[in-house]
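Trainee: I'd like to go over a predicted model; first the sequence, then the structure.
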Amino acid sequence: MISLFMAFSDSTGERRVRPDEVTSVAERVGSIPDMTEALLFTPLEQSVDHPYKADGTGPAFALQLRFPDLFACEAAMDRGGVLASLATGAGLSGLTGLDVAHQVMLTRPFPVDVAEHPAGTTTPCSYLVHYPGPAEDMNAWNLHYLEHHPSIMRTFPNVRQIEIYTRIDWVDRLPSRRVEHMQRNKLVFDSPQALAHALGSDVIKHMRADFMKFPPFAGGNKHFPMLTRVVAARS
């Protein structure tokens, strides 16, 4: 499975995308041919206690679009498509003037104990992480990370989804800025409070211990909690 990430960032950290504009984006991306699912990420309305607050407020808005293969994803990134119009903020004042970056990556899902959200869940929360890189040896980095870190992530209380995204080569004609982070991760929880509870558990100590064993890399990492809206593809 292929994931396209688009992040809309404001250097001041003050911009927000209005709910009606989020709905407009949902309607637009739902029409993209062969897109199987879209995830729309918005900043939390209230901050939660988590150990990486120094990473900043994160993007004002972000997208993750899933495609069955690279060819379908590349076709969606043509000059005249929905994604090109979103990258320029066409018809959406909340997106106009933001710094827009995109990246296509391979999706690697990992098991969790219970994937379903409880009935009545209204504010699922994703913990978005990226490692800009580079690593001295990408193969050694990937081998260690994929073989060790997801099994620790699985022990977070009530984690509903674990995905790790690794680099691939792709072509596009989008007007936004291409980035090539060496890795991204996503953990999904039932709510911001559930995320805060998980990150306050002893699991974070095990995560940190494994972090200290990572093969050499530069660039650090960034962590952003984001509210998550799921948009299914139109049949």
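Mentor: Right, received. Where do you want to start? Numbers count the residues shown, from 1 in each chain.
Trainee: for the record, mean pLDDT for the host helix or strand of residue 130?
Mentor: In this assignment (DSSP states H and E), residue 130 forms part of strand 125-131. Over the span of strand 125-131, the pLDDT mean works out to 95.
Trainee: cool, and stretch 58-65?
Mentor: Mean per-residue pLDDT for stretch 58-65: 93.
Trainee: next one: stretch 28-43
Mentor: Regarding stretch 28-43, the rounded mean pLDDT is 93.
Trainee: Any chance you could give me it in PDB, C-alpha atoms only?
Mentor: In PDB, the C-alpha atoms belonging to stretch 28-43 read as follows (Å, rounded to 0.1, in the frame of the first residue of the first chain):
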ATOM      1  CA  ARG A  28     -12.700  16.900  -2.900                       C
ATOM      2  CA  VAL A  29     -10.300  14.100  -2.000                       C
ATOM      3  CA  GLY A  30     -13.100  11.600  -1.800                       C
ATOM      4  CA  SER A  31     -13.500  12.000  -5.600                       C
ATOM      5  CA  ILE A  32      -9.800  11.200  -6.400                       C
ATOM      6  CA  PRO A  33      -9.800   8.100  -8.700                       C
ATOM      7  CA  ASP A  34      -8.400   4.900  -7.100                       C
ATOM      8  CA  MET A  35      -7.900   6.600  -3.700                       C
ATOM      9  CA  THR A  36      -8.900   4.000  -1.100                       C
ATOM     10  CA  GLU A  37      -9.000   6.200   2.000                       C
ATOM     11  CA  ALA A  38      -8.100   9.700   3.100                       C
ATOM     12  CA  LEU A  39      -7.100  10.800   6.600                       C
ATOM     13  CA  LEU A  40      -7.500  14.500   7.400                       C
ATOM     14  CA  PHE A  41      -5.400  15.800  10.300                       C
ATOM     15  CA  THR A  42      -6.100  19.000  12.300                       C
ATOM     16  CA  PRO A  43      -4.400  20.400  15.400                       C
END
